[in-house]
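Student: For reference, the sequence and a predicted model appear below.
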Amino acid sequence: MRRTITLWIVIGLVGFCLLPWYMVDSGFWTFTWIFHFAAQENSSGLLQVFLHGRFWLAGPLIALLACAAVLGLVNRPVRAARMIAAISALGLLYTFVQGLIIVRGGPRLFESLLAGTAADAGQLGFGAGAMITLLGLLFVLTTAISAMGKGRGDAFVTGLIGLIISLVGIFVFYPVAHILISAFQSNDGTFSPGLFFPRFFNSDIWGLGCLDLKGSCGPAINSVVLAILTGAGSTLMGLAFALIFTRTDFKAKPLLRVLTIIPIITPPFVIGLALILLFGRTGAATALFADVFGIEKTRWLYGFKGVYLAQLLSFTPIAFLVLIGVVEGVSPSMEEASQTLDANRWQTFRYVSLPLMRPGLANAFLLGFIESLADFGNPLVLGGNFNVLSTEIYFSIVGAVANPARAATLAIVLLTLTLGAFLLQRRWVGSKSYATVTGKADSGRHAALSSGVKAACYMTALPWAAFTAIVYSMIIFGSFVKLWGYNNSFTLDHYIRAFGVKFKNGIHLTGVAWDSYFTTLEIASIAAPLTAFVGLSTAYLLVRQNFRGKNVFEFSTMLSFAIPGTVIGVSYILAFNFPPIELTGTGIILIIVFVFRNMPVGVRGGIAAMSQLDKSLDEASITLGANSFTTARRVIAPLLGPAMMAALTYSFVRAITSVSAVIFLVSAKYNMATAFIVGRVENGDFGLAIAYSAVLIVTMLTVIILLQLIIGKRRLRRSDRVETVVVKT
Amino acid sequence: MMENSARGSVVFDGVVKKYGSVTALKKLSLSIEPGQLVTLLGPSGCGKTTTLRLIAGLEAATEGSIFIGGEDVTHLSATYRKVSMVFQSYALFPHMSVLQNVAYGLTVKSMPKAEAHAKAEEGLELVGLKGYGDRLPSELSGGQQQRVAVARAIVLEPEVLLLDEPLSNLDAKLRRHVREEIRQIQQDLGLTAVYVTHDQEEAMAVSDRIIVMRNAEIAQEGSPHDLYERPNSSFIADFIGDANLVTCEVTATENGHSTVQVEGKTITLPVDFPRPGAAKLVLRPHHVSLSKETTAESFEGSVTYAAYLGNQIQYSLTGELGDIFVIGETIAQPFAVGDNVQIHIEPDKAMLVADEPLGK
Amino acid sequence: MTKRYVIGAAVFAAVFAVQQAAAEELSMVCSNEQDWCDLMVGAFSDKTGIDVSMVRKSTGETLAQVRAEAGNPKIDVWWGGTGDPHLIAASEGLTQPIGVDTSELLGWAQKMADISGGRTIGIHLGVLGIAYNDDVLKEKGITPPSCWRDLADPMYKGEIQVANPNSSGTAYTELATLVQVFGEDEAFKLLTEIGKNVNQYTKSGSAPSKAAARGETGISIGFEHDMVKLAKAGFPLKIVSPCEGTGYEVGGLSIITGAKNFDAAKKFAEFALSAEAQSLGPQVGVYNVPSNKNATLPPEAPDPSTIKLIDYDFATYGSTETRERLLKRWDEEVKGSGN
């Protein structure tokens, strides 16, 4: 314990003394700041205090030194730990507060409080030095807390909890608070909480006008109905696919797999566009039905039906990803046990396998529900007069009449719905244990499906797969024709415009898409492992560790996922455009927004997978003298191969395909592919948009296959994938 | 409670464990001598596994202190306690080979790989699994997996070895074999071992001392012999070995003799009893004899079931003493079902315990 | 233990890897069509050597971002897009006077500069019009409309698509135009009648014309340059300038208050207003009317001289007050009148 604290104090001091405290204009990794280290903007915290008279920055230094002193002078370990925890917590708090109140521009808190040098000084955003110092203080704090006997005395666990709470606090709560506050403000910006309830319970939001089949319902009602149906539908589809994969000898599994993955890796708007071209009033399929069956051409696609169809196409794969792991994880011996008890295959499925999949089903539903609530692209393209919360929020912010208060109120409605879904899910899964992978090895075969279930699976999944295939052939087709739907002559023009390359004195990338393409790949490849790490770590804490406030912690990690991207995007600008954390216009803000928006998927997947790993495996490792970190690395991580794969894939793909949050955060220098594509779609330049989308799809497919090859190897071989009987209470 | 501070000793001083509002342990104090094999025995839910997990550090005590080898480990995480544990489910890492499993604890303590593997081989040899190192756990039988789990725990040379129902997943024959092996290894290595089981026969067979737990506290502790011969409650009497419990009334007790009223008959037993009042007469099945002869102190009964087992005959009877179970050693003239017989109590073998409702 | 630090360092390194050097440059948000944005940025960089980083965003998004970034803007110049949000930004002090010579510009462009106190200058004119899909109307046997009033004819039931003025600047321009042409009460009466024929109030202003181009709707209301572009692309779209007279938008150019590269931004403003630059539009399918007198007018562009343009009162109808009043009335009277 002493050693760990000392180490973090040293790291903190190094950050404070040797690295530039503020954000360096030329960028940290250029290292040009080394040559002008004494200059005020480049120098470290230490020099800021002694050379540039910024005495208020001495706070973190004093905290670190005081911790070191306590460590050296106080003998009773628990008392020393308490003192160190208090000092480092104060140091952290102080550092943030000074950063918030001593600023150059933007909102300034406690203005009247400051006088003298501090009042006139403006500060830049925190830089590398500040970050390392704060990190040092944070881990001194968490290590000290573990030394006080919390978290079973495990420094790794308290450190991880501290780290994730800090990250979620800074990158979820802090920005979201900025925007939610406006729900309690009147239009001129004064704080008036009385306005909230009339706004919240407005019939504009909750109207039930659609019940008489004439009027229209409020967006909240529309969203809920849509989300429930999408959640249920995608879970059902996902289950059908998962069952076909694990419990049948269906021949074309690889093809099916591709078809279940592709919708996930499709950039937004593309599915909507393809549906319009198929089922719109002048769509190919509509025309066909009109010619053959004389069915009238209508605009049925625009509204609930179209959005529902598009969402099912988009979100079924997510349910599938969650469910495949769970369906695979159900212990064959339990199914065998059931069969030996004379249950037939249907009964085994109904009373044994299905209930054991319950956490997975609940997770898949929750994800589908939340995704549907937050989905923005499909309702935008296909919604017609069917208004949902996410689009209403978007247009409350960017519409001709900006109304942040309404946006914030709607965002709170959305949050309330998510919270409700979350609590219901908790209730339904309950506290039963679903552990089916234990340390007791035995082998067995999964029960085959009864013919009824099998037929049902085939009948839902295969037409769906065919439908997906048609939609995607349309997309590919669209990228090679001059004017989709009107002039179907072959052309490579769209690809050349987007990804043209000139060979003249070396290679010149002349296509208009190259810049955003490379930026997108770079950002996504950095964000994906970070997302997987944060997500699975959180899942680990939630499943394997007990600590106070765990439920709140769990919900807070779901928060950023539940809030629509638009709100997140704007709140990020509001929060991170000013010191102390100044990130707008950088690539970091994009990475961060992806990590914290996509982390809940890692968390849900991790939770589902981890609750199938018997806890005695970790306990065995711990009692064998491994610490929690070693246990996580050597025992849990290897057994979580599929979950890790899912988290990595999903976050990589989402970083490439998400649009609503990103659209506010892309900057001239860091433009993302989706923002580029949306711009093209807005301008009716469908050919280029689709060609670009096709290239992105191929890119993502390649990456996914590579990932599968690398991580797939670490999966348990079939023969030693252990599963067994024990469902402990 | 600090008198026991030698290496390998375990001391609980007023340890309370609560899960929310549920109390899993009520102010438990106990002391385990080094080198002993102590069994925590009791029905499920009695707190024995919680106690074991508290020693391992897998649970944190709500109140009180825990000492291992004289060192206060109450706040020490499981990683740093010098104990290792054999789990009921074995908890073998399915993605590692047998050798890697056994060497795991050594490698995480940064022992060089070659050395760790050599020690792991020794460990495997000790449990009779030499040459199985390259297999995966799923390729071993249940008994072999169990021995791997033991090897994995003992190669670390722990101060205390914890075993959580290690035999419950094995068949009866193997169970006897493996428990003898465990006892052998424990004695050879001079390990302190804490053994959790709900099987009293297993406990009797392996233990130096047994701690019987019930309702989150200790019901009685002592050597197997003590518990069998001097149960302090009808619960213990019933739980340790077979016993017939007959309701009776102690009318007088003095000078190591008690006068007892049973079904209208008065018998005198050579035992003490705290005070006159309701009690239970404890009759072990083989301390009761049957005959056709009626005496002043015999009771009537009729045979409802008789099972011939070669070296003995087991009878179930019903009659004045209620339903009782008797082991008859007179094979020559067995009674038949339906026979009316006289039940004779051997006064010097009978015991008295306080009358209290039976546990489960 | 040590491994944890290695991982920590790797995470840290990864986070900072993308934070790279920021050279001296011009940061621009372009609210025009992507190709037009790309072309102009290229031409400007070639000419001045200034390194421009440009991103395309719609006016609504840009205004939201400029508001959020007030005090510490990341954007220097905002080029293109309908004038209203530019004027709103100007009135909120989010943009600063540019100080360029406007003598070569057409009257409506100068007027915009006057209204905004020199903060926003008109760069192009977009005329509001009606488009119809020739194929669809023929198939249904409906005659095309030629005036605003025609749209109220019940034969167009379910065929008209127009944006919602609450979310779309285009639709608000239409609302304001009708109010200016017919007077407020009459205009709302007409809108209510037209509303009976409307199949959908879209969120985005350009969506109706795209839907009309594909035949998803028969008739759309929007800006004519969008329609020209779609027609040029090969869709069977015909354009009508309403007989009663029509309104228009003026595309704006603004420099953000507190811009870090003001000089470069000003240079861009001068360039964007020059005849040379404004004549480039048709190369990439931009068919609106440029604001420089000397710029060559593309033949496909709607010729202002043949269209009956109203004298659009930007000052009145751009004001928040009027806007909120009209939108409220629209919500109450028009929104629910459709089906």
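Tutor: The structure has been received and is ready for your questions.
Student: Return the helix or strand in the chain with minimum mean pLDDT.
Tutor: All of this is about chain A. Scoring the helices and strands of chain A by mean pLDDT, DSSP states H and E places helix A:117-120 at the bottom, with a mean of 60.
Student: To clarify, I was referring to chain C.
Tutor: Per mean pLDDT, DSSP H and E, helix C:2-17 ranks last in chain C, at a mean of 48.
Student: Now the helix or strand where A:I228 lies: buried residues?
Tutor: In the assignment (DSSP states H and E), A:I228 maps to helix A:219-247. For helix A:219-247, the neighbour count (16 or more other C-beta atoms under 10 Å in any protein chain shown) marks A:219-231, A:233-247 as buried. Just so you know, the C-beta spots here come from the backbone N, C-alpha and C atoms, and that holds for glycine as well.
Student: So which other helices or strands are in contact with it?
Tutor: helix A:203-206, helix A:253-261, helix A:304-329, helix A:358-374, helix A:389-398, helix A:404-429, helix A:451-479 (3 or more C-beta pairs under 8 Å, 6 or more residues apart in numbering or on different chains; DSSP states H and E).
Student: mean confidence for it?
Tutor: Helix A:219-247 shows a mean pLDDT of 88.
Student: Partner strands of the longest strand seen in chain C and their direction?
Tutor: When chain C is parsed with DSSP state E, its longest strand is strand C:120-133. With DSSP bridges as the test, strand C:120-133 is paired with strand C:219-223 (antiparallel), strand C:237-240 (antiparallel), strand C:248-256 (antiparallel), strand C:289-290 (antiparallel).
Student: Tell me which of these lies nearest to C:G49.
Tutor: strand C:248-256 (19.7 Å; C-beta to C-beta).
Student: Tell me how far that closest one lies from the chain's centre.
Tutor: 9 Å (C-alpha atoms, centre = their mean, to the nearest Å).
Student: which other residues reach the helix or strand where A:I276 lies?
Tutor: Applying DSSP H and E as the criterion places A:I276 in helix A:270-279. For helix A:270-279, contacts defined as C-beta atoms under 8 Å, 6 or more residues apart in numbering or on different chains pick out A:263, A:283-286, A:300-301, A:306, A:309-310, A:313-314, A:377-378, A:380-382, A:470-472, A:474-475, A:478, A:484-485, A:681, A:686, A:689-690, A:693, C:214, C:216.
Student: Grab the nearest non-local neighbour of the closest residue to chain C within the stretch 351-500 of chain A.
Tutor: Relative to chain C, the nearest point of the stretch 351-500 of chain A is A:V398 (3.2 Å; C-beta to the nearest C-beta). Nearest residue to A:V398, sequence neighbours excluded (C-beta to C-beta, 6 or more residues apart in numbering or on different chains): C:G60, at 3.2 Å.
Student: a helix runs through that neighbour, doesn't it?
Tutor: Yes. According to DSSP: H, G, I helix; E, B strand; the rest coil, C:G60 belongs to a helix.
Student: neighbours around it, how many?
Tutor: 26 (other C-beta atoms under 10 Å in any protein chain shown).
Student: Please tell me the pLDDT value assigned to it.
Tutor: So C:G60 comes in at 78 (pLDDT).
Student: And for the one 3 residues further on?
Tutor: In this model, C:L63 is scored at 85, pLDDT.
Student: now swap in A:W56 and tell me
Tutor: 84.
Student: that's a helix at it, yeah?
Tutor: Yes. Judged by three-state DSSP, A:W56 forms part of a helix.
Student: That one contacts A:I102, correct?
Tutor: Yes. Using C-beta atoms under 8 Å, A:W56 is in contact with A:I102, at 6.6 Å.
Student: does B:S29 count as helix, strand or coil?
Tutor: Applying three-state DSSP: B:S29 is strand.
Student: Is it in contact with B:G14, as I believe?
Tutor: Yes. Between B:S29 and B:G14 there is a contact under C-beta under 8 Å: 5.7 Å.
Student: Which one of the helices and strands packed on helix A:219-247 has the poorest average confidence?
Tutor: Of all these, the minimum mean pLDDT falls on helix A:203-206 (a mean of 72).
Student: now the helices for the stretch 101-250 of chain A?
Tutor: A:117-120, A:128-147, A:155-168, A:174-180, A:196-200, A:203-206, A:219-247 (DSSP state H, counting those that start in this stretch).
Student: C:S274 is nearest to which of the ones you listed?
Tutor: So among the helices of the stretch 101-250 of chain A, helix A:174-180 is nearest, using C-beta to C-beta, at 40.9 Å.
Student: quick revisit: tell me which residues in the following helix or strand past the longest strand of chain C are buried?
Tutor: As assigned by DSSP H and E, the chain's next helix or strand after strand C:120-133 is helix C:134-140. Of the residues in helix C:134-140, C:D134, C:V136, C:L137 count as buried by neighbour count, 16+ other C-beta under 10 Å.
Student: now the helices for chain B?
Tutor: B:48-56, B:98-108, B:113-126, B:142-154, B:172-189, B:200-206, B:224-229, B:234-239 (DSSP state H).
Student: Show me where chain C dips below the pLDDT cut-off.
Tutor: C:1-24, C:336-339 (pLDDT under 70).
Student: Please name the residues that touch the residue sitting nearest the centre point of chain C.
Tutor: Of all residues in chain C, the one closest to the mean position by C-alpha atoms, centre = their mean is C:T82, 3.1 Å from it. Listed by C-beta under 8 Å, 6+ apart, the contact set of C:T82 reads C:S31, C:T59, C:G126, C:G169, C:T170, C:T173, C:E249, C:V250, C:G251, C:G252.
Student: Sweet, I'm off.
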